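> coordinates only, no sequence provided:
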């Protein structure tokens, strides 16, 4: 698979130029991502997921399913 020069990044180079940023507070209804469904009509429809709903689900899952606490490290891979 050929890579596009704009998308082929070197991890070490990117990390060397990375700079820390302060967290930015967001309202609970701030859109986090858009999930596109196939729908019954075959036309994709965008469903906006808000930040609060995702954060609550993630907090519950990490503590109750995986037994993680604040300060623990979690690593996962996805394709």
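Cool, the structure landed. This is a predicted model, so every value here is computed, not measured. Numbers count the residues shown, from 1 in each chain.
> how far away is the residue lying closest to residue 50 once chain neighbours are set aside from residue 69?
Leaving aside its sequence neighbours, residue 50 sits nearest to residue 29 (Cβ to Cβ, 6 or more residues apart in numbering; 5.0 Å). In this view, the C-beta of every residue, glycine as well, is placed from N, C-alpha and C. Computed as Cβ to Cβ, to the nearest Å, the residue 29 to residue 69 distance reads 28 Å.
> one more: residue 7?
Between residue 7 and residue 69 the computed distance is 36 Å (Cβ to Cβ).
> one more: residue 78?
Computed as Cβ to Cβ, the residue 78 to residue 69 distance reads 23 Å.
> which of those two has more neighbours?
Each of residue 78 and residue 69 has its neighbours counted (other Cβ atoms under 10 Å); residue 69 has more, 8 against 3.
> contact partners for that one?
Counting by Cβ atoms under 8 Å, 6 or more residues apart in numbering, residue 69 touches residue 63.
> tell me where this protein has helices.
For the chain, applying DSSP state H gives helices covering 11-17, 51-64.
> now do the shortest one: distance to the chain's middle.
Taking Cα atoms, centre = their mean, to the nearest Å, the mean C-alpha location of helix 11-17 is offset from the chain mean by 20 Å.
> run through the protein and note the low-pLDDT ranges.
Judged against pLDDT under 70, the low-scoring parts of the chain cover residues 1-3, 79.
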